[in-house]
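# Turn this into a model:
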Amino acid sequence: MYHQLTLPGRTDTDTDTRVMKRQRIFQHPNVMAALPDVLIQMLSDYLDAESMTRFLTLSKQLYNVTLPPNIPPLRIRYLREFMTYPRRAFETNGYEILDRAYKDHSLTIDARQAPPILEMLKTDKTLQTLNIRLHPENMQQLVEMLKVNTTLTTIHLNENDIRNEGAKHLAEALKVNKTLTKMDLNNNVIGPQGAKHLAEALRVNNTLTEINLGENIIRDGGAKHLAEALKVNTTLTTIHLLLNNIGPQGAKDLAGALKVNTTLTKIDLSFNDIGDEGAKDLTGALKVNTTLTEIHLHGNNIGDEGAKHLAEALKVNNALTEIDLNYNEIRDEGVKHLAEALKVNTTLTEINLGYNNIGDEGAKHLAEALKVNKALTEIHLSYNGIRDEGAKHLAEALKVNTTLTEIDLFRNEIEYEGAKAIAEALKVNTTLTKIDLKSNKIKTKGAKAIAEMIKVNTTLTKIDLFRNEIEYEGVKAIAEALKVNTTLTEICLGYNNIGPEGVKHLAEMLMVNTTLTGINLCYNNIRPQGAKHLAEMLMVNTTLTKINLFSNKIRDEGAKDLAEMLKVNTTLTEINLGFNDIGDEGAKALRESNIHNIKITR
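Numbering: from 1, shown residues only. Sure thing, here's the model as predicted:
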C-alpha cells in the first residue's frame, strides 16, 4: 500500500523490521488522520513505533492550533526539509526541539541538526533566537540563510572555530541582513584579519546593537580596524572584547573612537593587558564621551598611576554609571585618587575594586568618600586584605551613607572587632539590602554580634556568612535572631561546621520564620540526623523555595526523610543534594516522592 524508501547501505532485514513496526502503527486510525499519507510513508522508514506515535500525536495537536497570520507551523516547515536530511534531522528528537522553538521563538541545535534548520530559516517567519553549533562545511549555508532571513534578531555562534575565513563570510551577511541585533562570536579563533572583515561590515550595518568578540585573538591590529568602524557606526550599543590581547595600542585606538562615537553604552576590555598607558588614553576619552555608561577593565595590570588618570576622568564624566577595575594592581595610593573622585562624582552607581590589595588604608579613603557620595549603590571590595581596622572605617561610613544598597567584603581578613563594628552600623543603616562577608574570620563571637543586628535591622534582605568558622553557639544565636527578623529573604551559612545540633536550631527557626525564601547550608556535616530535622521543618514551612544541602553526608537515611517531606511540601522549588553519599535506595525514594516536580540536584 505504501512506498518504502530505502537508504543506501540498509539491509533487507532492517527494511523488513521497519515495515513491521510501521504496520503496527497504522492499526491506529486516530493518529493516521494527522498527516498526509506521503509524509507518513517518508517518516515511517526512519522512526520506530514509539517515536512515530508520539510524532503523529504532536502533529495532530499542531494541526488543530489556530496560528497568527504569516506565521507558519515551524515543525511542518522543518519536515519539508526532512526528505533531504532524514537521519540527521531526527537523530536527536527534532520534533520535540521544534515544538519548544515554536512556543519560545528560540532554538538551540547542534551540528547534526544544522542543515535542515538552516534551510528552513530562509523562509521561516517565527524564530527570533538561534544558538547553533556548526561543522565548517555548514558555514556557507548559515551565511546564505542570514542574507535572506527576516525574523532572527539574536544568534549565538560562540565556540565554533570560525576563524578569519568564517568571519569574512559572516561579515558579508551582516552587510545585507536587516534584522539581527545581537551576534555572539565569543571564542572563535578570530584574528586581526577576521576583525577587519567584521569591522567593514559594521561600517554599513545599521541594525546590530551588540557584538561579542571576547576570547579571540584580534590583538591591537584587529582593535584598530574595529575602532575605525566605531567612528562611523551609529547603532552598536555594546561591544565585548575581553581576552583579546589588544594591549596599550589597541586601547589607544579604541579610546580615539570613543571620543567621537555617540551610541556605544557598554564596552568590555577585560584581560587585555592595557596597563597604565592604556588607562591614560581611555581617560582622555571618558572626559569627553557623553554616552558610555559601563566600562569593564577587569584584569588589565592597571596600577596606581592608571587609577589616578581614571579618577581624573570620573571627576568630570557625567554619563558613566558602572566601572569595573577588579583584579588589577591598584593599591591604597591609587584608591586614594579614586576616593577623591567619588566625593564629587554624581552619576557612578557601581564600582568594583575587588582583588586589588587596597588594605586598611585604602578602605579608609573609600569610607571617607562614602560619607559624602550620594550616587553609589554598589561597591565591591573582595580580596583586598581589609582587616578589622579597615572594616571599622567602612562601618562608620555605613552609619551615615544613605544610598548604598550592596557591599561586597568577600575574602578579606575581617575578624570579631570588624564584624562587631559592621553589625553596629547596620543597626542604624536604613538603605543596605545585601552584604557579603563570606570567607572572613568572624567566628562564633562575630556571628553573635551579627545576630543582634539581625534582630533590629529592617532593610537587609541578603547576608552571606559562608566559611566564617561559625560553630554551634553562633548558629544558635543567628537562628534566634531570625525568629523575629521580618526582612531577610536569603542567608548563606555554608562551610561553617554547623553539624546536626546547629541545624536543629535553624529548623526550629524556619517553622516560625515567614520571610526567608532561600538558605544555603552546604558543607556543614549535618548528616542524616540534620536532614531529618530539616525534613520535619519543611513539612510545615510554607515560604522556603530553595535550600542547598550540598556535601553534608546525609546518605540514604537522610534522603528518605527528605523524600517523605517532598510528598507534602508545595512551596519548595529547588533542593541541592549533591555529594551526599546518596545510594540507589535514597535516589529511588526521592524520585518516587517528587510529585510536585521540585528541581533536585544530586
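
# Residue 163 reaches residue 190, doesn't it?
Yes: Residue 163 lies in contact with residue 190 (CB atoms under 8 Å); the separation is 6.5 Å. The C-beta positions use only the backbone N, C-alpha and C, and glycine is treated the same way.

# got the buried residues for the strand or helix carrying residue 478?
Element membership for residue 478 (DSSP states H and E) is helix 472-482. Within helix 472-482, the residues that count as buried by 16 or more other CB atoms under 10 Å are 472, 474-482.

# Please apply the same query to stretch 425-443.
Neighbour-count burial for stretch 425-443 [16+ other CB under 10 Å]: 425-426, 429, 432-443.

# same thing with stretch 107-127?
For stretch 107-127, the buried set under the neighbour-count rule, 16+ other CB under 10 Å, comprises 107, 109, 112-122, 124, 126-127.

# These in helices, which ones?
Counting by DSSP state H, the part of these found in helices is 114-120.

# Dump those to TSV, plus distance to residue 260 and pLDDT.
Formatted as TSV, these follow (distance: CB to CB, whole Å; pLDDT from 0 to 100):
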residue	distance to residue 260	pLDDT
114	40	80
115	43	81
116	45	74
117	40	76
118	38	84
119	42	80
120	42	75
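
# wait, which of these is closest to residue 380?
Closest to residue 380 out of those is residue 114 (40.5 Å), distances taken as CB to CB.

# Let me know the next secondary structure element after the helix or strand containing residue 295.
Assessed by DSSP H and E, residue 295 sits inside strand 294-296. Once strand 294-296 ends, the next helix or strand along the chain (criterion: DSSP H and E) is helix 304-316.

# list the helices and strands that next one packs on?
helix 275-288, helix 332-344 (3 or more CB pairs under 8 Å, 6 or more residues apart in numbering; DSSP states H and E).

# Quick one: list the elements packing against the following helix or strand past that helix.
Moving toward the C-terminus from helix 304-316, the next helix or strand (DSSP H and E) is strand 322-324. Judged by 3+ CB pairs under 8 Å, 6+ apart, the packing partners of strand 322-324 are strand 294-296, strand 350-352.

# Give the partner strands of strand 322-324 in its sheet and their orientations.
strand 294-296 (parallel), strand 350-352 (parallel) (DSSP bridges).

# possible to save the helices and strands packed on helix 304-316 as a markdown table with mean pLDDT?
A markdown table is the format used below for those (pLDDT from 0 to 100):
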| stretch | mean pLDDT |
| --- | --- |
| helix 275-288 | 98 |
| helix 332-344 | 98 |
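
# in the stretch 101-250 of the chain, which spans are helices?
Ranges of helices in the stretch 101-250 of the chain, per DSSP state H, counting those that start in this stretch, are 114-120, 139-148, 163-176, 192-204, 219-230, 247-258.

# buried ones in the longest one?
Of the residues in helix 163-176, those with enough neighbours to count as buried (16+ other CB under 10 Å) are 163-164, 166-174.

# Give me the domain ranges for this structure.
With domains defined by automatic domain parsing, the chain comprises 12-66, 69-133, 498-602.

# ok, of those domains, where does mean pLDDT dip lowest?
Lowest mean pLDDT within the domains of the chain: domain 12-66, at a mean of 42.

# measure residue 295 to residue 287 for me?
13 Å (CB to CB, to the nearest Å).

# what about these two, which has more around it?
Taking other CB atoms under 10 Å, residue 295 and residue 287 do not tie; residue 295 has more neighbours (24 against 14).

# check contacts around that one.
Residue 295 is in contact with 266-269, 282, 286, 320, 322-324, counting by CB atoms under 8 Å, 6 or more residues apart in numbering.

# Neighbour-wise, give me the winner out of these.
Neighbour counts for the contacts of residue 295 peak at residue 282, which has 28 neighbours (criterion: other CB under 10 Å).

# Can you give me every residue that contacts the nearest residue to that one once chain neighbours are set aside?
Leaving aside its sequence neighbours, residue 282 sits nearest to residue 255 (CB to CB, 6 or more residues apart in numbering; 4.9 Å). For residue 255, the contacting residues are 278, 281-282, 284-285, by CB under 8 Å, 6+ apart.

# and of these, the nearest to residue 149?
residue 285 (36.0 Å).

# so that closest one touches residue 261, yeah?
No: in this structure residue 285 lies outside contact range of residue 261 using CB under 8 Å: 9.1 Å.

# Residue 159 and residue 421, how far apart?
On the measure of CB to CB, residue 159 and residue 421 end up 47 Å apart.
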